[in-house]
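Novice: Need coordinates for the following:
(one chain, ligands or ions: 2)
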Amino acid sequence: MSVVAPSFEAERPKNPVLRLEGVSKIYGSGAARKIALDAATLEIHPATVTALVGHSGSGKSTLLNIAGGLEQATSGTVILAGEVLSRLGARQLTALRARAVSYVFQEYNLIRTMTVLENVCLPLELAGTGAKQARQRAGEVLEQVGTAQHRAKFPDQLSGGEQQRVAIARAIADHRPLLLADEPTGALDSANGERVVELLKGIAATGVACVIATHNKDVTRAADRIVQMRDGKITAGAA
Ligand SMILES: Nc1ncnc2c1ncn2[C@@H]1O[C@H](COP(=O)(O)OP(=O)(O)OP(=O)(O)O)[C@@H](O)[C@H]1O
Ligand SMILES: [Mg+2]
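Specialist: Numbers count the residues shown, from 1 in each chain. Ligands and ions are numbered 1, 2, ... in the order given. Predicted coordinates:
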């Protein structure tokens with residue numbers, strides 16, 4: 001008699017894009033020793049927006065930098081897109097980051113010698129998109145964030161808020177499974193802040209997991225989940 005195994009596929013929760021297990025980060029030593037992240041455990045799932053909140057110095061940027069493989073944890077395990085980061089060599093880590101993570105940094109990190117359009121094309125081209133297609137996609141996302149008219153300018157010729165929107169365009173141009181954004185609305189007025197919140201929600205709806213460190217109430221309100229940090233610890237919202 002043959003037995004057909006029932007499919008539990010629909011009931012099984014999707015694999016997390018990111019998992020932190022007891023992750024700590026200690027800077028310095030002796031009197032300068034600082035526990036920036038203290039045994040943080042967290043799972044982030046596809047198609048969600050998570051707001052990471054907490055006072056200045058609570059560890060939000062540290063958590064994002066470690067989650068995205070930009071900094072190494074002192075202890076604990078970081079699993080990104082199914083890979084344990086500490087087991088990867090430098091080249092494997094770079095390749096994984098290019099495939100799996102987009103960032104919007106607190107200080108934008110646009111490349112000053114490249115135009116706005118070239119900045120947005122860069123991650124697409126790094127991921128293998130042809131130049132013509134990359135320019136077309138870059139044009140679309142610059143339109144979405146309202147900076148298409150600045151495409152031929154260099155970052156230094158833009159205001160802080162405009163640079164921030166270009167940084168957001170660069171991060172959403174390529175659909176990587178995890179988007180980490182550090183205060184993406186910090187330099188924006190409320191209209192542009194709301195526009196960015198809507199954009200990020202739209203990106204999440206396509207399956208991307210967005211984690212946003214923020215002090216902005218609009219972002220927090222729009223998020224599916226709020227993770228609260230205090231003194232390097234996750235104090236609420238981890239589950
Ligand atoms: N490279 C570093 N060397 C030493 N200490 C650091 C370093 N980076 C961060 N810290 C310390 O770790 C703690 C957490 O910093 P972090 O930047 O993660 O905070 P944050 O929550 O992002 O703050 P903000 O809201 O101001 O951006 C702070 O006390 C900070 O001073
Ligand atoms: Mg920060």
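Novice: C-alpha from now on. contacts and neighbour counts both.
Specialist: Will do.
Novice: So for Ala152, what pLDDT did the model give?
Specialist: Listed pLDDT for Ala152 reads 97.
Novice: What does it show for phi and psi?
Specialist: Main-chain torsions, Ala152, degrees, to the nearest 10: phi -90, psi 0.
Novice: Kindly report the same for Thr41.
Specialist: Dihedral angles (degrees, to the nearest 10) for Thr41: phi -120, psi 130.
Novice: State the distance from it to Lys233.
Specialist: According to Cα to Cα, to the nearest Å, Thr41 stands 9 Å off from Lys233.
Novice: The two: which is more packed in?
Specialist: In this view Thr41 and Lys233 are compared by other Cα atoms under 10 Å, and Lys233 has more residues nearby, 21 against 18.
Novice: Report the beta-bridge partners for the residue most central in space within the chain.
Specialist: Nearest residue to the geometric centre of the chain (Cα atoms, centre = their mean): Leu180, 0.9 Å. Judged by DSSP bridges, the bridge partners of Leu180 are Tyr103, Val211.
Novice: and it, what pLDDT?
Specialist: For Leu180, the predicted pLDDT is 95.
Novice: OK, contacts around it?
Specialist: Leu180 makes contact with 64, 68, 101-104, 210-212, according to Cα atoms under 8 Å, 6 or more residues apart in numbering.
Novice: Please repeat the previous calculation with a cut-off of 7 Å.
Specialist: Taking Cα atoms under 7 Å, 6 or more residues apart in numbering as the criterion, Leu180 is in contact with 64, 102-104, 210-212.
Novice: now Pro16: how far from ligand 1?
Specialist: Distance, Pro16 to ligand 1, using Cα to the nearest ligand atom, to the nearest Å: 23 Å.
Novice: what secondary structure does that residue sit in?
Specialist: Under DSSP: H, G, I helix; E, B strand; the rest coil, Pro16 falls in the coil class.
Novice: Might one say that it is in contact with Ala47?
Specialist: No: the criterion here is Cα atoms under 7 Å, and Pro16 misses it with Ala47 at 10.3 Å.
Novice: So those two - more neighbours on which side?
Specialist: Each of Pro16 and Ala47 has its neighbours counted (other Cα under 10 Å); Ala47 has more, 20 against 16.
Novice: just the contacts of Leu180 now: which is nearest Gln149?
Specialist: Closest approach between those and Gln149, by Cα to Cα: Val104, at 20.8 Å.
Novice: Any figure for the gap between the nearest residue to that closest one once chain neighbours are set aside and Lys132?
Specialist: Closest residue to Val104 apart from its sequence neighbours, by Cα to Cα, 6 or more residues apart in numbering: Ala181 at 4.4 Å. Noted for Ala181: a distance of 27 Å to Lys132, by Cα to Cα.
Novice: Ser61 too?
Specialist: Taken as Cα to Cα, the span from Ser61 to Lys132 is 34 Å.
Novice: In the contacts of Leu180, which residue is surrounded by the most others?
Specialist: The member of those that has the most neighbours, counting by other Cα under 10 Å, is Ile212 with 30 neighbours.
Novice: doesn't Val53 make contact with that one?
Specialist: No: contact criterion Cα under 7 Å: Ile212 and Val53 do not qualify, at 8.4 Å.
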